[in-house]
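**Q** Predicted model and sequence follow; I will ask about them next.
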Amino acid sequence: MLEIMPGVAIAEDELRFEVSRSSGPGGQNVNKVETRVAVLLDLERVSGLSFSQRQLVRERLHTRISRTGVLRVTSQKHRTQAANREAAVERLKELLRWALAPETPRKPTRPTAAARARRRREKELRSRRKAERHARPDEE
């Protein structure tokens, strides 16, 4: 079981792994060994998440989810498949933790006196600049 956060866990058999040849450093190793690992999690079939949690993950990680509802995370940082597999699973856990974390409400703040003064100054300068554009030659 992958412990995502307290009360949320995903069975390891619900993860699917794909391997392919990695790009980047590694010399001749890159050309012959499949070290890139992709972890695939089918959000439609995962039993460790409730419907609302799935919706939240879909909403917040929509750029990483395919049309068929599969979340894909890849890793090719390391030279070995095992290390990349661990890294990909760890990244998946991080992403799910982030997606499932409750959103902190924004505390409304007021602009400082300096910020208000700066805004007024900038507005005055902009106003003058625009007024100068329309100055008539006979008024000078």
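**A** Thanks, I have it. The structure displayed is predicted, hence computed values, not measured ones. Residues are numbered from 1 along each chain as shown.
**Q** my read is R72 is in a helix, agree?
**A** No: with DSSP: H, G, I helix; E, B strand; the rest coil as the criterion, R72 is located in strand rather than a helix.
**Q** roughly how far apart are it and T63?
**A** Counting by CB to CB, to the nearest Å, the separation of R72 from T63 is 11 Å. Every C-beta, even on glycine, is put in place using the N, C-alpha and C of the backbone.
**Q** ok, those two, which is more surrounded?
**A** R72 (16 against 5; other CB atoms under 10 Å).
**Q** host element of W98?
**A** Here W98 sits within helix 81-100, counting by DSSP states H and E.
**Q** That should have said R126, apologies.
**A** Using DSSP H and E, R126 falls in helix 113-133.
**Q** That helix: which residues count as buried?
**A** Within helix 113-133, no residue counts as buried by 16 or more other CB atoms under 10 Å.
**Q** what's the answer for stretch 82-89, then?
**A** For stretch 82-89, the neighbour count (16+ other CB under 10 Å) marks 84-85, 87-89 as buried.
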